[in-house]
Structure formats: C-alpha cells, structure tokens
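>>> Let me see the structure of the following:
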Amino acid sequence: MERHWKMFVVVLAIVTFILLVPLVVFAIRANSETCLKSFELQNKKQLLEEKLRQSKESLREWETQWWSCSNISKDLKKDLEELTSQKNLMLSQLQELKGENQDLAEKLRKAEAALQLEREKKNPEKTNSALPGPQISKLLVLGLVITLFL
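Have a look, this model is predicted:
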C-alpha cells in the first residue's frame with residue numbers, strides 16, 4: 001500500500017509539474033511587454049471607438065440642426081420675397097392714389113372756380129358772401145387726402 005502512495009505522490013508531482021510549467025509560461029507571456037502593450041492598445045482602441053461614436057452622434061445632431069436652419073432660411077427668404085412684392089404693389093397703388101388725388105383736387109378747384117363764377121354772375125354785388133372759396137377748397141382737399149390714406 002505504501003507503494004501506491006508513493007506512486008500516487010509521484011504521479012501527482014508529475015501532473016502538478018506538467019500543469020505548473022504552462023501556467024508559468026502563460027504568466028510570463030501575459031506579463032511580457034508585448035502583451036501589456038497589446039492590452040494598452042486595445043484599451044486605446046476602445047476609447048477611440050467611443051470617441052468616434054460620440055463624434056458621429058454629434059455630427060448627426062449638427063446635420064439635423066443645419067437642415068432645420070436651412071429650411072427656416074428658405075422659408076424666411078420666401079416670406080421676404082412675398083413681403084417685398086406686397087410692398088411694391090402697395091407703393092404702386094399709393095402712386096395711383098396720389099395721381100387720383102391730384103386729379104380730384106384739380107377737378108375740385110375747377111368746380112369751385114366755376115361755382116364762384118356762377119355766383120358772381122348771379123349776384124355781382126355779393127361776390128364773397130356765401131362761401132370763402134380758397135379756404136373751403138383747402139379743407140376739402142385735406143379731408144379728401146385724409147380719407148384716401150385711411
């Protein structure tokens with residue numbers, strides 16, 4: 001029986017040695033400079049991949065904002081063109097109204113002059129008794145201008 005124990009101890013020692021040698025070799029290689037640099041490079045690679053992912057995400061956000069601003073800019077440009085068109089239309093209408101106002105004022109002056117002549121023909125002694133022509137004319141023109149612009 002003692003022999004079995006000795007054999008068992010020898011086999012156990014051999015198995016331990018066989019397992020211990022690769023373990024020592026692995027430990028030496030794992031702690032080698034090349035292996036440590038490999039781990040450092042792998043960590044740096046992971047950090048760079050994370051930064052790249054964040055950069056891509058940030059780029060997508062900036063692109064989204066750019067598209068949004070671009071669309072807003074296009075809309076504002078379109079609105080500005082419409083407002084400019086409306087302004088030009090209103091200016092042309094204003095010029096037309098000024099022309100009409102001048103025509104009406106001229107007609108009013110002629111009508112007042114004709115009325116004054118008729119009054120003088122009918123009553124030569126009462127030339128300025130009913131309506132003072134130039135003062136009424138100015139008031140009528142002023143009222144007409146105010147009415148047209150309101």
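>>> Tell me which stretches of the chain form helices.
Per DSSP state H, the chain has helices spanning 2-30, 33-122, 133-149. These are given in chain order.
>>> Looking at stretch 112-124 now, give me its mean pLDDT.
The average pLDDT for stretch 112-124 rounds to 85.
>>> Give me the buried positions along that stretch.
Buried positions in stretch 112-124, judged by neighbour count with 16 or more other CB atoms under 10 Å: 112, 116, 119. Where you see a C-beta, it was placed from the backbone N, CA and C, and this is true even at glycine.
>>> In a markdown table: those residues, plus distance to residue 21.
As requested, the buried residues of stretch 112-124 are exported to a markdown table (distance: CB to CB, whole Å):
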| residue | distance to residue 21 |
| --- | --- |
| 112 | 130 |
| 116 | 136 |
| 119 | 140 |
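>>> Nearest to residue 72 among the residues you listed?
Each of the buried residues of stretch 112-124 was checked against residue 72 using CB to CB; the closest is residue 112, at 57.4 Å.
>>> where does the chain dip in pLDDT?
Low-confidence segments of the chain, defined by pLDDT under 70: 125-137, 148-150.
>>> And for the nearest residue to residue 141 once chain neighbours are set aside, the neighbour number?
Counting by CB to CB, 6 or more residues apart in numbering, residue 105 is the residue found nearest to residue 141 once chain neighbours are left out, at 4.9 Å. Applying other CB atoms under 10 Å, we find 17 other residues in the vicinity of residue 105.
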